[in-house]
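Chemist: Sequence first, then the predicted structure, then my questions.
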Amino acid sequence: MTAQNRSHSMRATKTRKYVNLQSLNVGGQRVKACTSCVKTAVKIRT
């Protein structure tokens with residue numbers, strides 16, 4: 001995703017927003033998943 005940083009004078013500079021990916025083991029395999037997916041998976045397991 002792209003977004004804009006705004007300075008005090010409201011000048012816009014472009015910046016990029018990245019997904020918060022974490023690596024975890026699922027069934028013996030290392031998988032990258034976003035943190036919201038990890039939270040949902042923990043809720044389902046318990």
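Modeler: Looks like it came in fine.

Chemist: ok, and the helix or strand in this protein with the lowest average confidence?
Modeler: Using mean pLDDT, DSSP states H and E, the weakest-scoring helix or strand in the chain turns out to be helix 35-45, at a mean of 85.

Chemist: Please name every helix or strand in contact with it.
Modeler: strand 21-26 (3 or more Cβ pairs under 8 Å, 6 or more residues apart in numbering; DSSP states H and E). Quick note: C-beta positions are derived from backbone N, CA and C, even for glycine.

Chemist: For the strand it packs on, which strands pair with it and how are they oriented?
Modeler: When pairs are called by DSSP bridges, strand 21-26 turns out to pair with strand 29-34 (antiparallel).

Chemist: follow-up on the earlier one: for the least confident helix or strand of the chain, buried residues please.
Modeler: Neighbour counts over helix 35-45 (16 or more other Cβ atoms under 10 Å) mark residue 38 as buried.

Chemist: quick one: residue 13 and residue 5 touch, right?
Modeler: Yes - counting by Cβ atoms under 8 Å, residue 5 is a contact partner of residue 13 at 4.9 Å.

Chemist: Packing partners of the strand or helix carrying residue 3?
Modeler: If you go by DSSP states H and E, residue 3 is part of strand 2-6. Judged by 3+ Cβ pairs under 8 Å, 6+ apart, the packing partners of strand 2-6 are strand 12-16.
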